[in-house]
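Enquirer: Give the three-dimensional model of this entry:
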Amino acid sequence: MKKINVGRTAAIAATLLALTSVSACSDGDDFMDYDAAANEYKEAAAELNLPKGAEGFPGLPKPAEATQYQKGVGLVQAQYHWQCTWEKEWLTSQEEGGTRADTALAELEKAPKMKYMSKEHLDDQGRSDFLAYLDRAKLGDPSGFQMDYTANCQRPEQN
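Expert: Okay, here's the model as predicted:
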């Protein structure tokens with residue numbers, strides 16, 4: 001049986017953010033099956049909003065084999081999808097400015113206080129890099145979010 005823990009999932013997200021490692025330790029009691037992890041994702045997604053017209057949350061991908069997930073995997077994945085969707089919204093609207101760009105940036109400003117950006121799920125460098133991207137965006141520079149989105153947020157079905 002395969003085990004996926006939040007450290008591995010967060011590390012994927014951190015790597016996807018072009019960041020460094022994630023530290024999350026767990027013992028066997030912190031693991032759950034796919035259905036529980038998918039429900040955790042669904043519950044986390046229900047608390048998040050996406051831009052008008054954006055595709056909804058895709059859900060936690062179903063594994064090909066029996067897999068155990070560390071508690072928190074669903075939440076981290078949902079919140080990371082939220083970030084990618086709002087980055088895309090800002091990147092597509094920022095040149096024109098206006099309400100869409102302002103709303104997207106306001107949403108992204110919430111990220112540092114969210115659970116997936118906590119020390120439990122992301123290292124200091126990861127949080128620092130995101131804040132630097134956010135600061136650049138506030139000055140009208142899309143380079144940080146563009147780099148992150150291009151490297152980490154595009155799935156094959158989005159091309």
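
Enquirer: Which SSE is immediately downstream of the one helix or strand His81 maps to?
Expert: Under the criterion of DSSP states H and E, His81 resides in helix 73-93. Next in sequence after helix 73-93, counting helices and strands by DSSP H and E, comes helix 98-108.

Enquirer: List the buried residues of that next one.
Expert: Neighbour-count burial for helix 98-108, counted by 16 or more other CB atoms under 10 Å, picks out Arg100, Ala101, Thr103, Ala104, Leu105, Glu107, Leu108. All C-beta spots, glycine's among them, are computed from the backbone N, C-alpha and C.

Enquirer: swap in stretch 115-123?
Expert: Buried, per 16+ other CB under 10 Å, within stretch 115-123: Tyr116, Met117, Glu120, His121, Leu122, Asp123.

Enquirer: ok, of those, which one's closest to Leu48?
Expert: Tyr116 (10.6 Å; CB to CB).

Enquirer: Not counting sequence-adjacent ones, nearest residue to that closest one?
Expert: Gln79 (3.9 Å; CB to CB, 6 or more residues apart in numbering).

Enquirer: What count of nearby residues applies to the nearest residue to Leu48 once chain neighbours are set aside?
Expert: In space, and not counting its chain neighbours, Leu48 is closest to Trp82: 4.6 Å by CB to CB, 6+ apart. If you count neighbours by other CB atoms under 10 Å, Trp82 ends up with 24.

Enquirer: same question, the one 3 residues further on
Expert: Using other CB under 10 Å, Thr85 has 22 neighbouring residues.

Enquirer: Tell me which residue is most central in the protein.
Expert: Per CA atoms, centre = their mean, the C-alpha nearest to the average position across the chain is that of Tyr80, at 1.0 Å.

Enquirer: And that residue, how close does it get to Asn39?
Expert: Distance, Tyr80 to Asn39, by CB to CB, to the nearest Å: 17 Å.

Enquirer: and what of Thr150?
Expert: Distance from Thr150 to Asn39, counting by CB to CB: 31 Å.

Enquirer: Same check on Asp141?
Expert: From Asp141 across to Asn39, the span is 39 Å (CB to CB).

Enquirer: same deal with Leu108?
Expert: Using CB to CB, Leu108 is found at 27 Å from Asn39.

Enquirer: again, but for Lys113
Expert: Counting by CB to CB, the gap from Lys113 to Asn39 is 24 Å.
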